[in-house]
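# Structure for this input, please:
(4 chains)
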There are 2 protein chains.
Amino acid sequence: MAIRKDGKTSFSRTTLADVARESGFSPSTISIVLNEAPISRYVAAKTKEHIREVAKRLDYRPDAFGRSLRKRRSHTIGVMIFDISDPFCTLILQGIEKSLHSTEFLPFIVDAHNQREQFERYLAMLLEYRVEGLIVVANWLFIDIETLSELERHRVPTVLVGSEMRSGPLGSVLVNNEQGGYLALQHLYSLGHRKIAFIRGPRQLWDSSRRWDGVLRYAAEVGLRMPKKWVVELTGSSESNSSFDEGRSLTSTMLQHDPGFTALLAFDDLTAFGAVRALRDFGRSVPEDCSVLGFDDVPYAALFNPSLSTVRQPMERMGSIAVGRILNEIQQGGEVTPGKGRVDLLPPELVQRESTAAIHPTGRILARKIGKI
Amino acid sequence: MAIRKDGKTSFSRTTLADVARESGFSPSTISIVLNEAPISRYVAAKTKEHIREVAKRLDYRPDAFGRSLRKRRSHTIGVMIFDISDPFCTLILQGIEKSLHSTEFLPFIVDAHNQREQFERYLAMLLEYRVEGLIVVANWLFIDIETLSELERHRVPTVLVGSEMRSGPLGSVLVNNEQGGYLALQHLYSLGHRKIAFIRGPRQLWDSSRRWDGVLRYAAEVGLRMPKKWVVELTGSSESNSSFDEGRSLTSTMLQHDPGFTALLAFDDLTAFGAVRALRDFGRSVPEDCSVLGFDDVPYAALFNPSLSTVRQPMERMGSIAVGRILNEIQQGGEVTPGKGRVDLLPPELVQRESTAAIHPTGRILARKIGKI
DNA sequence: CTTTCCCATTGAATCGTTTGAAAGATGATG
DNA sequence: CATCATCTTTCAAACGATTCAATGGGAAAG
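As a prediction, the model looks like this:
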């Protein structure tokens, strides 16, 4: 422990007592002035000024631990994410950060890396830090229901973003997946496509099923035939780029089996990227030979080549709505409010870019092939 | 404030005193047992067992504020990033998280959104939270030197990742940009390219100049001519996708002026994505008509269409090295250690994918055009 | 002259934990 | 019996801030 010239150890920082000593007033007064507490109304203007000057000169910063201990408030909101490298998370996080910015709260972000053990460790730490609220960004989530249900035991207002629990008291904010699936198929169908391949999400994922429900609903409405050979399913490993790889290999397999589809609906954007790769490797170009539609609208969808048509989830908004609900619950003082287990379903939005187009009126596929020979 | 059946307010949680009362031992003993302090050697085995049982039953979690206040340690490392949506950050963050995982430290991540005001606000908060170390992920950084120099005033061990200060005492961990630039040009040159267009980084960015130095060094070595019309520069706004947009428009301009180049070296991957888009819109395909080389190897480079050849920065390793250095400095007890201002330069690595190829031996450009008519 | 009110500041308790010193036991040794 | 060592547990003082109640002065009101 190094000793500075002023005799203090290098670890200790300027404290309230230091400012008190230096300014000649008591710690109470310092605290009152610096926090602009109501009674500071009675403190002489000259005193205030003097105290502020000294505090600044000594570079005084109140210790968050001392303060939080006494006030019994941490002024933090825990944010648990499951994979920071998932671009889906990123925008939600931004929404959360931006909304929190205007408040007195600081986000405390932890990344569970899709591992249950980590999830529990970090959860425990967040609770030790007495977070006043908890936002769980549950994008691609195989943590079992019980683990999440545990959350409410902790008497910390909690909101789930991007996912929904089939039951249980936790509130959630997510896109209307059913409607999204519906919109997606509607888009392809109205472009004239009738031979459509599908890569649906993993069956274990509840949200994935909802999305598929929407697809089925539209298909039923217009009487679209969906042959089994063109409907495949992601297994959903938790690896980072797994949906790209799976999208690619599933598409390859379908192409080898029967390449007759003119459009492909992917579970999400990453899967769509993989599909585009597979199509290209097979000699098909997008969208001329086959349209590809994604889901999510991750930031890279617009940069991709060709830029990807997709169903957008309002991710930033989801983040800020989650924050709004948490702040609300905090203000309610932890009371079990009526709308607590509420589910906010936000409308998805279809974004048409380059990867989808009306079905080729001329025999474009043939022409292209000749051109290549 | 809701009152529970046991008479405690709903805000207060089980505390050490609760466990003490319930178990019949004193708070001291509880603390000693639960922390497995050295003297716990003397505590009767039966007592230990009993205390642990009670603690578990009451779901006791030590309050981080009380503990940190007393122990004068926060067990947190602040991580300041400048734009979480930048995929460059993401991998570094993962490296940091993974390395921290095996330690007693918790990362405290904040995102300054490229704004100075935010940077300072968050920095103040991190200091109030008494972070024991600080990692600044300074990817795309226009915060002025003074602001960063301030950091060392705070007597908190600090390491910069991904950027370097021309002077000053802060240590940094980053890729060898000069070598990266050298490798990049070498790659294109050895593929046979002689007419190469360059999009260099913003001049204000120190690291960008280093990279450019490497390019120039190789060019000088082999005597490559670099006509001014094919050398452009990013302005470097802090917007999220600005390098894509700029890469695209700069490439467009060059193409309109003189499309004779057969390869393009971009400042980073995002710029490269923009360049590919511009080339395609101009009717050039990559790599058949023009090779494109990026820098960074963001996760999407491999998924892009065509997959992007690039110079990889070992981002995850940069993160873990930064953690290692911070932990080291913390162990040194904040002493000014000899290697404190040290700069770790990691070697870049060329990753060849689809976007670069040997120069076209046949007159492919012409053939393609005819094919399209 | 006492009471009341306002002004300006402070004393002292408190938040939940850790920890060095001390205090009770018990048994062994001189 | 005093002394000492060993074991087991507790006391009480921090850590740094906030806040309620209290202080003492001065002026105005009764």
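# hey, let's count contacts and neighbours off CA atoms from now on
Will do.
# mean confidence score for stretch A:358-366?
Averaging pLDDT along stretch A:358-366 gives 61.
# hang on, I meant stretch A:43-53
Stretch A:43-53 shows a mean pLDDT of 95.
# quick one: it to chain centroid distance?
Stretch A:43-53 sits 46 Å away from the centroid of its parent chain (Cα atoms, centre = their mean, to the nearest Å).
# and it, does that touch DNA strand D?
No: contact of stretch A:43-53 with DNA strand D (Cα under 7 Å from any atom of the strand) is absent, the minimum separation being 10.6 Å.
# Contact partners for A:Ser68?
By Cα atoms under 8 Å, 6 or more residues apart in numbering or on different chains, the contact set of A:Ser68 is A:Ser74, A:His75, B:Phe65.
# Can you tell me how far it is from B:Tyr129?
Applying Cα to Cα, to the nearest Å, the value for A:Ser68 to B:Tyr129 is 10 Å.
# all strands in the stretch 251-373 of chain A, in order from the N-terminus.
Assigned by DSSP state E, counting those that start in this stretch, the strands in the stretch 251-373 of chain A fall at A:263-266, A:291-296, A:309-312, A:343-346, A:349-351.
# Likewise for the stretch 101-250 of chain A?
Using DSSP E, counting those that start in this stretch, the strands of the stretch 101-250 of chain A run over A:106-111, A:133-137, A:158-161, A:171-175, A:196-200, A:231-233.
# right, is the first one up against chain B?
Yes: for strand A:106-111, a contact with chain B is found by Cα under 8 Å from any Cα of the partner chain, at A:Pro107, A:Phe108, A:Ile109, A:Val110, A:Asp111.
# What's the local residue count around the nearest residue to the fourth one once chain neighbours are set aside?
Meaning A:Val110. Nearest residue to A:Val110 in three dimensions, chain neighbours excluded: A:Met80, at 5.2 Å (Cα to Cα, 6 or more residues apart in numbering or on different chains). Other residues near A:Met80 come to 25 when the count uses other Cα atoms under 10 Å in any protein chain shown.
# beta partners of A:Met80?
Beta-bridge partners for A:Met80, by DSSP bridges, are A:Val110, A:Val136.
# so what pLDDT did it get?
Listed pLDDT for A:Met80 reads 94.
# Let me see the contact set for A:Ser209.
A:Gly201, A:Arg203.
# no, scratch that, I was asking about A:Val156
Residues near A:Val156 by Cα under 8 Å, 6+ apart: A:Val131, A:Glu132, A:Gly133, A:Leu134, A:Gly334.
# right, and the second one touches A:Val79 too?
No: with contact defined as Cα atoms under 8 Å, A:Glu132 does not reach A:Val79; the gap is 10.9 Å.
# And the strands of the stretch 101-250 of chain A: which comes nearest DNA strand C?
strand A:133-137 (17.7 Å; Cα to the nearest atom of the strand).
# picking up where we left off before, now tell me which of the contacts of A:Val156 the prediction trusts least.
Minimum pLDDT for the contacts of A:Val156 is recorded at A:Gly334 (54).
# How about whichever strand or helix holds A:Gly66, which residues are buried there?
Per DSSP states H and E: A:Gly66 is located in helix A:64-71. Buried residues in helix A:64-71, counted by 16 or more other Cα atoms under 10 Å in any protein chain shown: A:Ala64, A:Phe65, A:Gly66, A:Ser68, A:Leu69.
# which residues touch the closest residue to A:Arg284 other than its chain neighbours?
Excluding its sequence neighbours, the residue lying closest to A:Arg284 (Cα to Cα, 6+ apart) is A:Cys290, at 7.0 Å. Shown in contact with A:Cys290 (Cα under 8 Å, 6+ apart): A:Phe261, A:Thr262, A:Ala263, A:Leu264, A:Arg284, A:Thr356.
# A:Leu264 pairs with what?
Applying DSSP bridges, one finds that A:Leu264 bridges with A:Ala197, A:Val292.
# tally of neighbours for it?
Burial of A:Leu264, expressed as a neighbour count using other Cα under 10 Å, amounts to 26.
# Next, find the distance separating it from DNA strand D.
A:Leu264 sits at a distance of 58 Å from DNA strand D (criterion: Cα to the nearest atom of the strand, to the nearest Å).
# still on that earlier bit, of the contacts of A:Ser68, list those near DNA strand C.
Subset of those in contact with DNA strand C: B:Phe65, counting by Cα under 7 Å from any atom of the strand.
# before we move on, back to that, please tabulate the strands of the stretch 101-250 of chain A in TSV, including the columns mean neighbour count.
Converted to TSV, the strands of the stretch 101-250 of chain A look like this (neighbours: other Cα atoms under 10 Å in any protein chain shown):
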stretch	mean neighbour count
strand A:106-111	22
strand A:133-137	26
strand A:158-161	28
strand A:171-175	26
strand A:196-200	24
strand A:231-233	17
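# will you turn those strands into CSV that also has distance to A:Leu216?
Listed next are those as CSV, based on distance: least, Cα to Cα, whole Å:
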stretch, distance to A:Leu216
strand A:106-111, 35
strand A:133-137, 27
strand A:158-161, 25
strand A:171-175, 18
strand A:196-200, 11
strand A:231-233, 12
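# So for B:His193, which of these sits nearest?
For the strands of the stretch 101-250 of chain A, the distance to B:His193 is smallest for strand A:196-200, at 40.9 Å, taking Cα to Cα.
# residue contacts, the residue nearest to A:Val110?
Applying Cα under 8 Å, 6+ apart, one finds that A:Met80 lies in contact with A:Ile109, A:Val110, A:Asp111, A:Ala112, A:Leu123, A:Leu134, A:Ile135, A:Val136, A:Val137.
# at 7 Å what do you get?
A:Ile109, A:Val110, A:Asp111, A:Ile135, A:Val136, A:Val137 (Cα atoms under 7 Å, 6 or more residues apart in numbering or on different chains).
# And the second one, what's its pLDDT?
Per-residue confidence (pLDDT) for A:Val110: 92.
# separation between it and B:Ser190?
45 Å.
# Contact residues of the stretch 51-200 of chain A facing chain B?
By Cα under 7 Å from any Cα of the partner chain, the part of the stretch 51-200 of chain A that sits against chain B consists of A:61-66, A:68-69, A:84-85, A:90-91, A:108-109, A:128-129.
# Looking at the buried residues of helix A:64-71, which is nearest DNA strand C?
Set against DNA strand C, the nearest of the buried residues of helix A:64-71 by Cα to the nearest atom of the strand is A:Leu69 (4.4 Å).
# you'd agree that closest one is up against B:Phe65?
Yes: using Cα atoms under 7 Å, A:Leu69 is in contact with B:Phe65, at 5.7 Å.
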